[in-house]
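A.B. asks: Quick one, fold the following:
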Amino acid sequence: MSKTNPAAPGEQVNAKVKETLCLSFELSRKKWKLGFSDGKAAGARIVTIAAQDWGALNQEVERARVRFRLEKAVRVISCYEIGREGFWLHRALVSRGIENIAIDAASIEVNRRHRRAKTDRMDAEKLVQQLIRYVGGERGVWSVVRIPDEQAEDARQLHRDMGVLIRERTQHRNRIQSLLFAQGIDMKINARFGQQLEQLRVWDGRPLPEGLKQRLSREYHRLQAVESDLRQLRKQQEEKLKTERTPAMKKVTRLQQLRGIGTRSSWIFVMELFGWRQFKNRRELAAAIGITPTPYQSGESDREQGISRNGNRRVRALAIEIAWSWLRFQPGSELSRWWRKRFGSGGTRMRKIGIVAMARRLVIDLWRYLEHGTVPAGARLKTC
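C.D. replies: So this is what the prediction gives:
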């Protein structure tokens, strides 16, 4: 009885991408470098077009199809590194019948030599070669970015704008305090600062120099403008919670029922994570916010490098902040008791390590609470 020889790995990949035209984008502000391949040819076809020239893109796709002798209705799949272009390019390509994959740039394989050649042409060719591997079934070749729908993306603008304003408010206050401290004046900045400015005196009792006074006045006006915008955004947020009945708003309201979680934290958790992402298990959830271990093992070397920090930094920072709050407002919960038993008696470093582990568990418990209605063990609701 004859035996069939197994195909080589490269032949298996080629068989899977036989009727697929792979396309990579190397993006810049004025030009796009395109890399084409059918998975069988030795080299890729590299061309350059003007940015957002869709007519030229269609022409190059057709020329690549003819060159690689593919059928008229060939499947076209593209990829690009996610960056400042965001998600609009993905949506534009999908609307034109092109399947697209947005790639996390940090996950792309690179040459580790101290000096390596790098050009846009080489990047486009490397990217299309990796796309061939991905289409052929090698899912570990890179990390794919999940694309939110337009409504979910727009819902993130409110709290992100508030975050920017809060940082600006801190900058203005610190700048005013620093300018005053340089003259021997130590005071807090409050709503009466504009009235107090004329009465301020430097270290020897003289009035503030006129140039400094004018600068402080301008800085304080900027601070007032930032605080006014923050008040408006908070009112807008409260209005949305009262009037909108979307699934995302319902999740925000449900999270607020837990003690230790307020409007800001519940809003960010939902709009950044729980409102539009679908997770299969707790590992996917932990990876999405970057609270996953990164072991390093090589020969006799075996050490832990800490958490990956590859996910959503806003949710990761908030999860650690809420974990501390959970210890205070949910002291009887099973999670708080676990932290105190294992890390509470340790030093500062041990408690900080423990709070990250607790944050991971807490986010998983919140996900289960929203998806399955399971209240975290021992946790109390605000109505209790």
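
A.B. asks: shouldn't T292 be in contact with G306?
C.D. replies: No. The criterion here is C-beta atoms under 8 Å, and T292 misses it with G306 at 10.1 Å. Placement of C-beta: from N, CA and C, glycine included.

A.B. asks: Neighbour count for those two, which is higher?
C.D. replies: Taking neighbours as other C-beta atoms under 10 Å, T292 and G306 compare with T292 leading, 16 against 10.

A.B. asks: so what's the backbone phi/psi at that one?
C.D. replies: phi -130, psi 150 (degrees, to the nearest 10).

A.B. asks: Contacts only, for it.
C.D. replies: By C-beta atoms under 8 Å, 6 or more residues apart in numbering, T292 lies in contact with 283, 286, 307-308, 310.

A.B. asks: Apply 7 Å and report the result again.
C.D. replies: The contact partners of T292, by C-beta atoms under 7 Å, 6 or more residues apart in numbering, come to 286, 307-308.

A.B. asks: Any buried residues in stretch 329-342, and which?
C.D. replies: Neighbour counts over stretch 329-342 (16 or more other C-beta atoms under 10 Å) mark 329-330, 333, 335-339 as buried.

A.B. asks: for those residues, which one is nearest I49?
C.D. replies: Lowest distance from I49 to these (C-beta to C-beta) belongs to L335, with 53.8 Å.

A.B. asks: Quickly find the element holding that closest one.
C.D. replies: If you go by DSSP states H and E, L335 is part of helix 334-342.

A.B. asks: which residues are contacting that helix?
C.D. replies: Contacts with helix 334-342, where a contact means C-beta under 7 Å, 6+ apart, come from 326-327, 330, 354, 358, 361-362, 365, 376-378.

A.B. asks: Inside helices: which ones of those?
C.D. replies: Among the contacts of helix 334-342, the members falling in helices (DSSP state H) are 326-327, 354, 358, 361-362, 365.

A.B. asks: Neighbour count and distance to A56 added to the residues you listed, as a markdown table?
C.D. replies: Putting the ones in helices among the contacts of helix 334-342 into a markdown table (neighbours: other C-beta atoms under 10 Å; distance: C-beta to C-beta, whole Å) gives the following:
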| residue | neighbour count | distance to A56 |
| --- | --- | --- |
| W326 | 27 | 54 |
| L327 | 20 | 58 |
| G354 | 18 | 56 |
| M358 | 24 | 53 |
| R361 | 20 | 51 |
| L362 | 26 | 50 |
| D365 | 21 | 51 |
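
A.B. asks: Among those, which pair sits farthest apart?
C.D. replies: Longest span within the ones in helices among the contacts of helix 334-342, C-beta to C-beta: G354 and D365, 16.0 Å.

A.B. asks: can you list the contacts of helix 334-342 in CSV and add distance to N190?
C.D. replies: Below are the contacts of helix 334-342 laid out as CSV (distance: C-beta to C-beta, whole Å):
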residue, distance to N190
W326, 31
L327, 31
Q330, 33
G354, 37
M358, 36
R361, 40
L362, 35
D365, 39
P376, 39
A377, 43
G378, 40
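
A.B. asks: I appreciate the help and will end here.
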